[in-house]
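Colleague: Compute the structure for the input listed below.
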Amino acid sequence: MCGIAGWICASGRAPARQRLIAMTSAIHHRGPDDAGHFHTQTADARYGIALGFRRLSIIDIAGGAQPMQDPSGNHTIIFNGEIYNFQALRRDLQAAGHQFRTRSDTEVILHAYDEYGDAFVGKLRGMFAIALWDRRRQRLILARDPFGKKPLFLHQSGQNLFFASEIKSLLVNPEIAASVDRDAVWQYLAYRYVPGPATLFQDITKLPPGTLAVWQRGRLTTQRYYTPPDAREKRPRLPAATSPVDAFLSALEEAVRIRMIADVPVGAFLSGGIDSSAVVGLMSRHSPHPVKTFAAGFDESQYSELDHAALIAKQFGADHHEHRIRPDDLMGELPGLVQFRDAPVAEPTDIPIFMLAREASKTVTVVLTGEGSDELLGGYPKHLYQRYAKTYQTLVPSLLHDRLVMPLTRALPYRLRRAKTAITNLGLRDPRDQLPRWFGALSWAERDRLAALPPPSRSAPGQTQFHFPAGNSALRNILMFDQLSWLPDNLLERGDRMTMAASIEARMPFMDTELAEFISALPDNQRIRGRQTKWILRQAMEQILPPSTLQRPKVGFRVPVNEWFQGDLGAYLVDLVLGPKSCTRDYYRPEILRRRIDEHRSARQNHEKLLWSILNLELFHRHCLNRPQAESAPDIAPQALRSSAR
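Modeller: Modelled structure (predicted):
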């Protein structure tokens, strides 16, 4: 796990060499162990090329330095991530006549490009963001892994292209302005993140997951080389196997095993839920030493899973580490994490993830996590409810839903908020509203009432469109949304930033591409059966995990922001967002926003997701943008946030 940065610019406009050092220094936390820089120009001297690298040493510590060149000097690479099948690929390439000088996965990528050309990306099983200069063909290759675990941000101006692992690295360049994209703010209010390829920064985009980009002769072209299987017209087919459950377990165990390959200590995040417990149980089969496990929680039992994590750790003889967190400490970390993320902290759980990563980094450099299981196997309540959307919409016409059902739903007691969410979302006919809103804040109509921003056209560039494969079930459609949007633009992005902020690498076995292909070939009732989510995982774990873990309902790391906003944090938010020093007050109709805050503080409605999003959008403007009002507004003191979260 590392950080990359660079450019390809017209020679007369290329930055000075020192600029590349500044770009990589901005992402020092991604690679504190080493740095490397490479400069060259095209054969006609029209363009200058720069490749910069920060290294977190994990594989071949002595021989894996970057930038790395092949023996001919034709190909130069910088690469962030890990290739888990690099040993098998290396054997194939050696059989084809390639000779290697190091044990690193980086060199395997160089030889794979030489052997397979642009098709090399389809050979890589792992997580990666790659920049490769091909001197012979005078072109720059950029590539991102299939699901988007590793980030790559772009700024293009004419024929000039800048790229980096994090936006803060791009903003080192004075020609790239840190200004907000207001259309992206509109999207943020619905999703609580910005769907790719857009970002909250004007003229800065993400290279989409599963995409190969080629710059040549001043022109950038892109092609998608991988689409998640639930989003394809043609579904994968199940391999011949005596038992799908046994085949699933074998595929998951292999995904875990290859992610334990490292020349540094490896551990695991352990929540005590089925996903992380399955990972730890399978790791214990392949580790000669007790697996180092790390769990975070509050002292208050209603917000903590520490006891469940300790039970699993004891069962597998793990070297277990608990990190107890005080609620007020969480909010004190928030402003700094907004800066690490270059975006609002979309989920309150981002903060304990960072704190746990910081604690784990004292003893390990790599952790395995259970991320991605819910989005591939169907693990959220929304996956249960969405199966009934078509039936509900057939039985309850739109007019009846809007004029009768919704007023009654809003009047339901606060404690029934899950039912309120389900009824509200089942009645949304447009998937562009419905799918994001299960985890989001506002539908299009709700945004229109709250936001003072002019809404973009629903067909405008950057407005997310959904093209569902013919014959896809309701379950597959919502999983498709999760895999194309919720995961890459939110969960994976936060996982990368929160762990990299602590200089530690996170690996996700459930997001293995071969495992994903197998899961997508399963019938729906082997993902969700009746009201049981992740059915095949529970079946596979019956001989490995205790019944209490298999049968326990999904909890997650519960941060009590709901209660905080009912208390002092709600009052603080009014002053922060609607006060004279606010950077974002002109985004909202103040009377509507005050009403939402009052409804939440009086426990009539639950608006915690909206209020959290608004708080973080203000923090983002104050800490990440160069705007006159941002420069004049005082920073939000961590102590003020701590004291309001009590």
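Colleague: So the closest residue to S287 other than its chain neighbours: helix, strand or coil?
Modeller: Ranked by C-beta to C-beta, 6 or more residues apart in numbering and with sequence neighbours excluded, the top spatial neighbour of S287 is M260, at 6.9 Å. In this view, the C-beta of every residue, glycine as well, is placed from N, C-alpha and C. Recorded secondary structure, M260: coil (DSSP: H, G, I helix; E, B strand; the rest coil).
Colleague: burial count for M260?
Modeller: Applying other C-beta atoms under 10 Å, we find 18 residues neighbouring M260.
Colleague: how much space between it and T549?
Modeller: 22 Å (C-beta to C-beta, to the nearest Å).
Colleague: again with L479
Modeller: For L479 relative to T549 (C-beta to C-beta), the value is 23 Å.
Colleague: Looking only at neighbour counts, state which of the two leads.
Modeller: L479 (29 against 20).
Colleague: Please tell me how far the residue nearest to the more buried one when sequence neighbours are not counted sits from H320.
Modeller: Nearest non-adjacent residue to L479, counting by C-beta to C-beta, 6+ apart: D230, 4.8 Å away. From D230 across to H320, the span is 35 Å (C-beta to C-beta).
Colleague: higher neighbour count, those two?
Modeller: Legend: neighbour count by other C-beta under 10 Å for D230 and H320, higher for D230 (26 against 20).
Colleague: and the residue nearest to L479, helix, strand or coil?
Modeller: Once three-state DSSP is applied, D230 turns out helix.
Colleague: Need the pLDDT of it.
Modeller: At D230, the pLDDT value in this model is 94.
Colleague: wait, isn't it in contact with M480?
Modeller: Yes - counting by C-beta atoms under 8 Å, D230 touches M480, with 4.6 Å between them.
Colleague: Which residues are in contact with each of these two?
Modeller: N472 (C-beta atoms under 8 Å, 6 or more residues apart in numbering).
Colleague: May I have the secondary structure class of the closest residue to P431 other than its chain neighbours?
Modeller: Leaving aside its sequence neighbours, P431 sits nearest to F466 (C-beta to C-beta, 6+ apart; 5.1 Å). Here F466 is coil, with the state taken from three-state DSSP.
Colleague: quick one: F466 and A357, what's the gap?
Modeller: 33 Å.
Colleague: What about the closest residue to F163 other than its chain neighbours, how many residues nearby?
Modeller: Nearest non-adjacent residue to F163, counting by C-beta to C-beta, 6+ apart: L154, 5.3 Å away. By the criterion of other C-beta under 10 Å, L154 has 20 neighbours.
Colleague: Parallel or antiparallel, list what pairs with the helix or strand harbouring I130.
Modeller: Using DSSP states H and E, I130 sits in strand 126-134. Strand 126-134 has the following strand partners under DSSP bridges: strand 75-83 (antiparallel), strand 139-144 (antiparallel).
Colleague: Please go through this protein and pick out the longest helix.
Modeller: helix 608-624 (DSSP state H).
Colleague: does the nearest residue to K314 once chain neighbours are set aside belong to a helix or a strand, and which?
Modeller: Closest residue to K314 apart from its sequence neighbours, by C-beta to C-beta, 6+ apart: H320 at 7.6 Å. Using DSSP H and E, H320 maps to strand 319-325.
Colleague: Let me see the mean pLDDT of that strand.
Modeller: pLDDT averaged over strand 319-325 gives 94.
Colleague: For the stretch 201-350 of the chain, give me the ranges with low pLDDT.
Modeller: Applying pLDDT under 70 to the stretch 201-350 of the chain picks out residues 241, 300-303.
Colleague: Okay, helices next: where are they in it?
Modeller: Per DSSP state H, counting those that start in this stretch, the stretch 201-350 of the chain carries helices over the ranges 244-258, 274-286, 306-315, 327-341, 350-360.
Colleague: Next, format those as TSV and append distance to H111.
Modeller: Formatted as TSV, the helices of the stretch 201-350 of the chain follow (distance: least, C-beta to C-beta, whole Å):
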stretch	distance to H111
helix 244-258	19
helix 274-286	27
helix 306-315	41
helix 327-341	35
helix 350-360	33
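Colleague: Next, count neighbours for the closest residue to W438 other than its chain neighbours.
Modeller: Spatial nearest neighbour of W438, excluding adjacent residues (C-beta to C-beta, 6+ apart): K382 at 4.0 Å. Per other C-beta under 10 Å, the neighbour tally for K382 reads 21.
Colleague: quick check, F510 in a helix?
Modeller: Yes - looking at F510 with three-state DSSP, it is inside a helix.
Colleague: Let me see the contact set for it.
Modeller: 252, 255, 275, 279, 370-373, 376-377.
Colleague: out of those, who has the most neighbours?
Modeller: V279 leads those on contacts (other C-beta under 10 Å) with 29 neighbours.
Colleague: Let me see the contact set for that residue.
Modeller: By C-beta under 8 Å, 6+ apart, the neighbours of V279 are 256, 268, 368-370, 509-510.
Colleague: hmm, back to that, and the residue nearest to L479, how far is that from P436?
Modeller: In terms of C-beta to C-beta, D230 sits 17 Å off from P436.
Colleague: looking at the protein, which helix or strand is least sure?
Modeller: Using mean pLDDT, DSSP states H and E, helix 628-632 stands out as the lowest-scoring helix or strand of the chain, at a mean of 43.
Colleague: just to confirm, which helix or strand has the residue nearest the centre of the chain in it?
Modeller: The centroid of the chain falls nearest to L492 when counting by C-alpha atoms, centre = their mean (1.7 Å). Here L492, judged by DSSP H and E, is contained in helix 492-500.
Colleague: starting at the chain centroid, how far to that helix?
Modeller: 6 Å (C-alpha atoms, centre = their mean, to the nearest Å).
Colleague: Check stretch 211-223 too.
Modeller: Worked out by C-alpha atoms, centre = their mean, stretch 211-223 lies 24 Å from the chain centre.
Colleague: What is the end-to-end distance of it?
Modeller: 6 Å (C-alpha to C-alpha, to the nearest Å).
Colleague: picking up where we left off before, tell me which of the helices of the stretch 201-350 of the chain lies nearest to E542.
Modeller: Closest to E542 of these is helix 244-258 (C-beta to C-beta; 8.8 Å).
Colleague: Tell me which other helices or strands that closest one touches.
Modeller: Applying 3 or more C-beta pairs under 8 Å, 6 or more residues apart in numbering; DSSP states H and E, we find helix 244-258 packed against helix 274-286, helix 513-521, helix 535-540.
Colleague: May I see those arranged in TSV, with distance to A184 as well?
Modeller: Output for the helices and strands packed on helix 244-258, formatted as TSV (distance: least, C-beta to C-beta, whole Å):
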stretch	distance to A184
helix 274-286	31
helix 513-521	29
helix 535-540	36
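Colleague: do you know which of those lies nearest T40?
Modeller: The nearest among the helices and strands packed on helix 244-258, by C-beta to C-beta, is helix 513-521 at 33.1 Å.
Colleague: what are the phi and psi angles of T40?
Modeller: Reported as degrees, to the nearest 10, the phi and psi values for T40 are phi -160, psi -170.
Colleague: What distance do you get for it to L132?
Modeller: Distance from T40 to L132, by C-beta to C-beta: 13 Å.
Colleague: which of those two has more neighbours?
Modeller: Shown here are T40 and L132; by other C-beta under 10 Å, L132 has more neighbours (21 against 14).
Colleague: residue contacts, the more buried one?
Modeller: 75-78, 109-110, 113, 140-141, 143.
Colleague: correct me, but the residue nearest to K314 touches G272?
Modeller: No - using C-beta under 8 Å, H320 is not in contact with G272; the gap is 10.9 Å.
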